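*Asks:* got a sequence here, can you model it:
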Amino acid sequence: MSNKRKLSSEGKDDHDALDIEQPPSKKRKLNSDEVQAPVVAVVNKLCTITPAIDVSDDYKSEAKTWSKWDSKDQKRFPYIYKVEEKVLVLEGSATLTPDDGSDAIYIKTGDAVTFHAGFKCKWEITKQMKKHYAVFPEDGAEDVPAIACDICGVGCVAESYFVEDGELDICVECYKKDTDKYKGAEHQKNGEKW
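*Replies:* Coordinates of the predicted model:
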């Protein structure tokens, strides 16, 4: 069985492009006296991923106590991590594009991800995702507002606009800057239609 795949310069399969050798997938059994350290990839100084194969049973058990999220019809949206968030991807996949211009990050079923405070990215759900997640504010830090503007990151629980397409929460100031773009947005106060 060949591990070769033809890719075009855009990264798509292409019969006219060059052959690129794909490394074979290898798994080896450990002897009873061997201990293998988990592989942890720090793909960005503000994002750490533990591949599915290396996620511990303890982590999986703890994650079952966390909140659950389902992307449903969401495809693309910006997100700002105000505090540390830990995630266990139950199913699906996504590409996260950091706002700082660093390389895209790919997460998929089984991966454990820690988003550190300050990480900003644009999510693109590539396969409907379900995940367990929990936020961990620093000791003494105020709780994160339940609603934060997906454009500028400011807390906007008191008053905001909800844009169904993309499930965006927009603060009053960002809404006023481009009312045409957010036409049809639902005006909310404390998360309720106003």
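*Asks:* can you give me the strands in this structure?
*Replies:* Listed in chain order, the strands found in the chain under DSSP state E are 4-6, 19-21, 41-44, 47-50, 67-70, 76-80, 84-98, 105-108, 112-115, 120-136, 160-163, 168-171, 186-189, 192-193.
*Asks:* who wins for proximity to Cys152 among these?
*Replies:* The stretch from these with the least distance to Cys152 (CB to CB) is strand 168-171; that distance is 6.4 Å. Heads up, the C-betas are built off the backbone N, CA and C, glycines and all.
*Asks:* for the closest one, what is the average pLDDT?
*Replies:* If you average the pLDDT over strand 168-171, you get 87.
*Asks:* which helices and strands sit right next to it?
*Replies:* strand 160-163 (3 or more CB pairs under 8 Å, 6 or more residues apart in numbering; DSSP states H and E).
*Asks:* the strand it packs on pairs with which strands?
*Replies:* strand 168-171 (antiparallel), strand 186-189 (antiparallel) (DSSP bridges).
*Asks:* buried residues in the last one?
*Replies:* For strand 186-189, a neighbour-count test (16 or more other CB atoms under 10 Å) marks Gln188 as buried.
*Asks:* how far off centre is that strand?
*Replies:* 26 Å (CA atoms, centre = their mean, to the nearest Å).
*Asks:* also the first one?
*Replies:* How far strand 168-171 lies from its chain's middle: 18 Å, per CA atoms, centre = their mean.
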